[in-house]
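> dropping a prediction and its sequence here:
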Amino acid sequence: MRQVVTTKNGGVEVLKVQQAPDPLAAKGEVVVRVKAAGLNFADIMARQGLYPDGPPKPCVMGYEVAGVVESVGEDVDQSLLGKPVVAMTRFKGQAEMVAVGANQIFEKPESLSFEEAAAVPVNYLTAYALLVVMGGLRKGESVLIHNAGGGVGLAALDIATHIGATTYGTASPGKHEFLRERGLDHPIDYRNQDWLPALKELTNGRGVELVIDPIGGAHWKKSYAALRTTGRLGMFGVSSASANGLRGKFKLLKAALQMPRFHPIGLLNKNRGVFGMNLGHMWHEPEKVAEWVQAIMAGVAAGWIRPHVDKAFRFEQAGEAHTYIESRKNIGKVVLIP
């Protein structure tokens, strides 16, 4: 089989399509023939050497795939053979075939293409955890979605709109029209103005009940300042540190030094909360994740969860796909296809 290998830390030139033996299904596993694999910012930071959870190089990244069950191992239902599925993978997803635990696959909704189905696991599970599970967003409340045009941003917009919350989102001006059509109430241009005063003006100085922030560093302090009384800040990434080589390591160190320190007394006095979310650290809680998947798949069936694939790149174009996301050009998901 062919797979996209991150051969070492560096720029997109370190991504190579290489041959490897076909995987075999161990006990309790299935092998999925991949039709589409999701690409996430974690994959980019892993390539840059800035993702502490990434496997040692050379490695094959990829947390999510959609495809067809090719073979099953011992103690696995034989009727799964040939079934279209969505799978969560602990790396190795950006390949023509991948072996995963049978408890990590879910039936692919017929209404979704393989590319759309591959856009569901990471983005929608992250957004669901941030908004529903940990953020407790309720009808009538308000939420600020940073990077609203990204994969998690659009997923969060689907969920927040369904809940009945008022939605604010930071995005470059070229994405505003699309986001309005997707249901965003108040797009905010973060490139040509300071987004915080703009948000305060839109909310009559009050702020919002929930902010989800993948940027990190000093930006978390600013997002905390955007909270209304009883507001919550959900942190789920440090995209501000993204860069290659020594520059990336310097930016990561700078982001770490600029991160706010939230003191319990301050949280008490302001009636605010902060929390973090890392989906990659949820592998020991499969029951929780399965429950979230059921809720998301129910949303797909009901039509209010609408995964949007901006662009699909062939394996040989993996470098272009990375550059596309790093340049913040994507609206929604980018996937790789064999």
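Done, it's in.
> so Asp53 touches Gly280, yeah?
Yes - applying CB atoms under 8 Å, one finds Asp53 in contact with Gly280, separated by 5.1 Å. Where you see a C-beta, it was placed from the backbone N, CA and C, and this is true even at glycine.
> the more surrounded of these two?
Higher neighbour count among Asp53 and Gly280: Gly280, with 16 against 12, using other CB atoms under 10 Å.
> need the three-state assignment for that one.
Three-state call for Gly280 (DSSP: H, G, I helix; E, B strand; the rest coil): helix.
> can you give me the strands in the stretch 1-150 of the chain?
If you assign secondary structure with DSSP state E, counting those that start in this stretch, the strands in the stretch 1-150 of the chain sit at 2-6, 15-19, 29-39, 64-72, 84-88, 97-101, 105-107, 142-145.
> what comes into contact with the longest helix that the chain contains?
Longest helix in the chain by number of residues (criterion: DSSP state H): helix 286-302. Helix 286-302 is touched from outside by 88, 103-104, 106-107, 109, 111-112, 120-121, 124-125, 128-129, 132-133, 158-159, 162, 282, 305, 307, with contacts defined as CB atoms under 8 Å, 6 or more residues apart in numbering.
> for the record, mean pLDDT for it?
Averaging the model's pLDDT scores along helix 286-302 yields 96.
> past it, which element shows up next along the chain?
Once the chain leaves helix 286-302, the next helix or strand it forms, by DSSP states H and E, is strand 309-314.
> ok, the closest residue to Gly73 other than its chain neighbours to Asp310 distance?
With sequence-adjacent residues excluded and distances taken as CB to CB, 6 or more residues apart in numbering, Gly73 is closest to Ala25, at 3.6 Å. Using CB to CB, to the nearest Å, Ala25 is found at 33 Å from Asp310.
> the closest residue to Asn278 other than its chain neighbours: neighbouring residues, count only.
Leaving out its chain neighbours, the residue that sits closest to Asn278 by CB to CB, 6+ apart is Phe236, at 7.0 Å. A count of neighbours around Phe236, defined by other CB under 10 Å, yields 22.
> spit out the contact partners of Phe236.
By CB under 8 Å, 6+ apart, the contact list for Phe236 reads 126, 130, 152, 212-214, 276-278.
> so what's the backbone phi/psi at it?
Dihedral pair for Phe236: phi -150, psi 20, per degrees, to the nearest 10.
> how much space between it and Tyr128?
Distance check for Phe236 against Tyr128: by CB to CB, it reads 12 Å.
> where in this structure is pLDDT low?
Across the chain, the ranges flagged by pLDDT under 70 are 241-243, 246, 248-250.
> how far away is the most centrally placed residue in it from Thr89?
Ranked by distance to the mean C-alpha position of the chain (CA atoms, centre = their mean), the top residue is Asn123 at 3.6 Å. With distances taken as CB to CB, Asn123 is found 15 Å from Thr89.
> hmm, back to that, and the angle for the longest helix of the chain with strand 84-88?
Compare the direction of helix 286-302 with that of strand 84-88 by axes from the mean of the first three to the mean of the last three CA atoms, to 10 degrees and you get 140 degrees.
> centre of the chain to helix 286-302, how far?
16 Å (CA atoms, centre = their mean, to the nearest Å).
> flag every buried residue along it.
Buried residues in helix 286-302, defined by neighbour count with 16 or more other CB atoms under 10 Å: 289, 292-293, 296-297, 299-300.
> tell me where the stretch 101-250 of the chain has helices.
Per DSSP state H, counting those that start in this stretch, the stretch 101-250 of the chain has helices spanning 114-118, 121-128, 151-163, 176-181, 195-202, 219-225, 245-258. These are given in chain order.
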